[in-house]
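Enquirer: What would the 3D arrangement of this be:
(one chain, ligands or ions: 2)
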Amino acid sequence: MPRFAANLTMLFTEVPFLERFGLARAAGFSGVEYLFPYAWPADTLAKELSRHELTQVLFNLPPGDWDAGERGIACLPGREQEFHEGVQQALKYAKALDCRRINCLAGLKPMDVDEPVAWQTLVANVRYAAECLQAEGITLCLEAINSRVDMPGFMLDTSERVMALIRDVDADNVRLQYDLYHMQIMEGDLIRRIEHLLPWIGHIQFADNPGRHEPGTGEINFSNVFGALDRLGYTGWLSAEYHPQQGTGRSLGWLMAGR
Ligand SMILES: O=C(O)[C@@H](O)C(=O)CO
Ligand SMILES: [Mg+2]
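Expert: Ligands and ions are numbered 1, 2, ... in the order given. Next up, the predicted model:
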């Protein structure tokens, strides 16, 4: 059986953030993730994890100015110092939360920066982050995010682009973050792609498509995809990262069915 985690940025948003941990545990999740921990003191988050016996599965490196539309700074020339500081900040949180994975958002390629320059900046930054995380035994994840619906201009929008980056960075602790929702939009052929990419997959997230809602609201056959992950021996986490269509409680039928 897969290990399911709840993404607390998207699930249980009916209650304030710190109350979501307890609701996730009560619903049957054993792990949680969220986009960013930085608005809360690390020990506050650690207490919630420990009180509810939850694993912190993943969070993202600082993304730059999210509210202004930035979606990561790893590919932005001139922002290297800020990127390095973000890696150090994330490491402090990862240690306090005993988190074994950190996701690096590549960022949107600026119109006035040539692709090779953005790519080389990305390679150098990811290499730096991988080295820092390696010393702590932490995996650096790189997520492919769809550029058709949610993030036009995102540097890493296919699994092939992430795999090319992993090859260029050439570090042992860098892995693909495979989000079924984004990959259904960009590539489809989910089970065959997972079979091919499995050795490089460090983390999986999911939502149905279209709509980015819970399993059963769209076109993905989740029981077949989860079954394939079991058959292939995937031992990592599967994080529910969707916007519940009619409230979180009513969206969890897939979790009950999987127990
Ligand atoms: O898929 C997503 O949107 C997230 O996993 C993320 O980290 C960036 O928004
Ligand atoms: Mg995702």
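
Enquirer: Kindly confirm whether my reading is correct that residue 40 touches residue 18.
Expert: Yes - the criterion here is Cβ atoms under 8 Å, and residue 40 meets it with residue 18 at 7.4 Å. C-betas here are computed from N, CA, C, even on glycine.

Enquirer: tell me, what's touching those two both at once?
Expert: In terms of Cβ atoms under 8 Å, 6 or more residues apart in numbering, residue 40 and residue 18 are not both contacted by any residue.

Enquirer: what does the stretch 101-250 of the chain put close to ligand 1?
Expert: The stretch 101-250 of the chain comes close to ligand 1 at residues 103, 105, 143, 145, 179, 182, 205, 241, as judged by Cβ under 6 Å from any ligand atom.

Enquirer: Among the residues you listed, which one is most surrounded by other residues?
Expert: Within those, most neighbours by other Cβ atoms under 10 Å means residue 182, with 30 neighbours.

Enquirer: how close does it sit to ligand 2?
Expert: Remark: distance between residue 182 and ligand 2 (Cβ to the ion, to the nearest Å) = 6 Å.

Enquirer: Residue 146 is in contact with that residue, correct?
Expert: Yes - counting by Cβ under 8 Å, residue 182 touches residue 146, with 4.3 Å between them.

Enquirer: Could I get the contacting residues of the closest residue to residue 220 other than its chain neighbours?
Expert: Of all residues not flanking residue 220 in the chain, residue 208 sits nearest, at 5.3 Å (Cβ to Cβ, 6 or more residues apart in numbering). Residues in contact with residue 208 (Cβ under 8 Å, 6+ apart) are 181, 214-220, 222, 242.

Enquirer: Quick check: neighbours shared by residue 182 and residue 146?
Expert: Residues within reach of residue 182 and of residue 146 at once, by Cβ under 8 Å, 6+ apart, are residue 157.

Enquirer: what's the burial count for residue 154?
Expert: 22.

Enquirer: Next up, phi/psi of it, please.
Expert: The phi/psi pair for residue 154 (degrees, to the nearest 10) reads phi -70, psi 130.
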